[in-house]
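Chemist: My questions concern the predicted model and sequence given below.
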Amino acid sequence: MSTLQTYEPVTFDMSRGLRLFEDAVTRLMSEPRSGRPWSPAVDILETEDAIALKADLPDINADEIDVRVENQTLTLHGTRKFERDENVKGWHRIERSYGDFTRTFGVPTTVDTEKVSADYKNGVLTITLPKKEAAKPRQVKVAVQSKDVPVQQAA
């Protein structure tokens, strides 16, 4: 003969669960993110004469940014360091990412890779990729010649 047992599912304490989740997120957000990959935001604009990339790189020294164009690939590499001062206490939150980053972009063959330039101002890196002369759009005027053909009248 078998004995019946009352089944009681594991009860979940919602407030305790939320507290544990909140504590985990707080710990995650309060630690510097060195070692976690990050990627700067980039805007790309194409005009008749060039392709321009603008990358947001705040708190990065210009000498820590490397821009290369090789084999029709533009590589943007750099490092944002977390400067921890042991005398400074009281951090409540650290949300910005730190460490190395790398972004790569395919460069069209219409770009003159010998004339690529970069400018860094107010935390924004602007890379200009000028187009080759042959790739720039040209407007060609079409000459229209009118031939005066005599109109024959019906008789």
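Modeler: Perfect, I can see it now. Not measured: the values here are computed from a predicted model.

Chemist: Name the spans of this structure whose pLDDT lies under the cut-off.
Modeler: For the chain, the stretches with pLDDT under 70 are 1-17, 20, 23-36, 135-137, 148-155.

Chemist: hey, where'd the helices end up in this structure?
Modeler: Listed in chain order, the helices of the chain (DSSP state H) span 14-30.

Chemist: the strands in it, which residues?
Modeler: Here the chain has its strands, by DSSP state E, at 42-46, 50-56, 65-70, 73-80, 99-106, 117-121, 124-130.

Chemist: how about the ones you listed, which one is nearest S146?
Modeler: Among the strands of the chain, the nearest to S146 by CB to CB is strand 42-46 (39.0 Å). For glycine as for every other residue, the C-beta is placed from the backbone atoms N, C-alpha and C.

Chemist: Tell me which residues of the closest one come out buried.
Modeler: Residues of strand 42-46 classed as buried: none (neighbour count, 16 or more other CB atoms under 10 Å).

Chemist: can you give me how far it is from the chain middle?
Modeler: Offset of strand 42-46 from its chain centre (CA atoms, centre = their mean, to the nearest Å): 9 Å.

Chemist: And the contacts of it?
Modeler: Contacts to strand 42-46, defined as CB atoms under 8 Å, 6 or more residues apart in numbering, come from residues 51-56, 76, 103, 105.

Chemist: Let me know the closest of those residues to A134.
Modeler: Distances from A134 to those, taken by CB to CB, are shortest for I51, at 15.5 Å.
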